[in-house]
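Asker: would you be able to build a 3D model of this:
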Amino acid sequence: MLQLAEQALNTTVRPVRDHSWPHGEAEVLEVRDPGGGAWIVKRVKHREAYDREVHALTHWAPRLGAGRAPSLRATLPDHALLVMNRLPGRAGTASTPDEFRQAGRLIRLLHDAGPAQPDPDYPARARHNGDGWLHRVPGVVDRDDVDFVRAQIALMASMPAPLAGPIHNDNQPRNWLSDVDGTVRLIDFGKSKRDLHLRDVERMRQAEWRADPALGDAFLDGYGRPLTDDEDRMLDCIGAVAAITTILWARAHGDPTFENHGRETLNRLRGA
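Answerer: The predicted structure is shown next:
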């Protein structure tokens, strides 16, 4: 990894900190060059994720404003490796309404970075994706849970088609950097793609917003508008789909904590 980083940056570097997640989908290493420049070097397991991140950093992230998202410094496509500047701040510490308001503003800028249009095909994609996970990781989810999620997908299909466009797709405080003066920055665009805008609020709605509704109000204030009634109901459906795929993904990747989170969310949505 260090040798590839030096090849990409055309200079020597020293490791500072390993930021990789245990699931092994990417290696993430913070390094410094002889001039003191700080860089994040990321080597991605799947080429599709590499392509998504490069596209997002090239075409969408600049719309967030100077210093509010990483800048792409170098790439090694043959190794699915990219180098970004190391932004100030710590991940996973945002807890105030002001920080959530800033995050809402950044996500709105990201959503506005490309055209948006209704996506009537999302329920079919959700069904296909869920069935794929059930086939790959059988015997993990009860039939009653599967039937509940499929009913939620059918309900989505009967509702007005939600808007789709550029999204972060893993928007939550662990992917925000908050610095000492409270400035929030958005990182980790490895899942970014064109999909439902609502997916960028679904995770927080089941976690931080549920624990403190004021944080949800602040985020939506920064975003520029509240959720409609249809969007609020749609988020319950999306949350059910996300919960069952979380359970299956976590079991496949040996992450019991994440699996338990998925089960708790699904039980809550079912009223269990």
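
Asker: so Val28, which of the three states?
Answerer: Recorded secondary structure, Val28: strand (DSSP: H, G, I helix; E, B strand; the rest coil).

Asker: can you tell me the closest non-neighbouring residue to it?
Answerer: What sits nearest to Val28 in space, not counting adjacent residues and going by C-beta to C-beta, 6 or more residues apart in numbering, is His19, at 4.1 Å. From N, CA and C alone the C-beta is placed, and that goes for glycine too.

Asker: verify the contact between that neighbour and Ala26 for me.
Answerer: No - counting by C-beta atoms under 8 Å, His19 does not reach Ala26; the two are 9.4 Å apart.

Asker: neighbour count: these two, which is higher?
Answerer: Between His19 and Ala26, counted using other C-beta atoms under 10 Å, Ala26 has the larger neighbour count: 21 against 17.

Asker: so who does the most centrally placed residue in the chain touch?
Answerer: When C-alpha atoms, centre = their mean is applied to the chain, the residue found nearest the centroid is Asp170 (0.8 Å). Contacts for Asp170 (C-beta atoms under 8 Å, 6 or more residues apart in numbering) come out as 188, 190-191, 203.

Asker: change it to 10 Å
Answerer: 187-192, 199-200, 203 (C-beta atoms under 10 Å, 6 or more residues apart in numbering).

Asker: what does Leu235 give?
Answerer: Contacts of Leu235 were listed using C-beta under 10 Å, 6+ apart, and they are 162, 196, 198-199, 201-202, 205-206, 227, 242.

Asker: show me what the helix or strand hosting Ala214 is packed against.
Answerer: Taking DSSP states H and E as the criterion, Ala214 maps to helix 213-223. Applying 3 or more C-beta pairs under 10 Å, 6 or more residues apart in numbering; DSSP states H and E, we find helix 213-223 packed against helix 97-111, helix 199-206, helix 208-211.

Asker: repeat the analysis, applying 6 Å as the threshold.
Answerer: helix 97-111, helix 208-211 (3 or more C-beta pairs under 6 Å, 6 or more residues apart in numbering; DSSP states H and E).

Asker: pick the most buried one from those helices.
Answerer: helix 97-111 (a mean of 22; mean count of other C-beta atoms under 10 Å).

Asker: how distant is it from the center of its chain?
Answerer: 14 Å (C-alpha atoms, centre = their mean, to the nearest Å).

Asker: contacts for stretch 38-45 next, please.
Answerer: For stretch 38-45, the external contacting residues (C-beta atoms under 6 Å, 6 or more residues apart in numbering) are 5, 25-32, 50, 80-84, 86.

Asker: can you tell me which two in the contacts of Leu235 are farthest apart?
Answerer: The two members of these with the most space between them (C-beta to C-beta) are Pro162 and Gln206, at 17.3 Å.

Asker: what comes into contact with the helix holding Ala214?
Answerer: 97, 100-101, 104-105, 108, 208-209, 226.

Asker: redo those as a markdown table? Include pLDDT and distance to Arg127.
Answerer: Listed next are the contacts of helix 213-223 as a markdown table, based on pLDDT from 0 to 100; distance: C-beta to C-beta, whole Å:
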| residue | pLDDT | distance to Arg127 |
| --- | --- | --- |
| Pro97 | 98 | 37 |
| Phe100 | 98 | 32 |
| Arg101 | 99 | 35 |
| Gly104 | 99 | 30 |
| Arg105 | 99 | 34 |
| Arg108 | 99 | 29 |
| Glu208 | 95 | 28 |
| Trp209 | 96 | 27 |
| Pro226 | 97 | 29 |
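
Asker: closest one to Met234 out of these, please.
Answerer: Closest to Met234, out of all of these and judged by C-beta to C-beta, is Pro226, at 14.0 Å.

Asker: that concludes my questions; thank you for your assistance.
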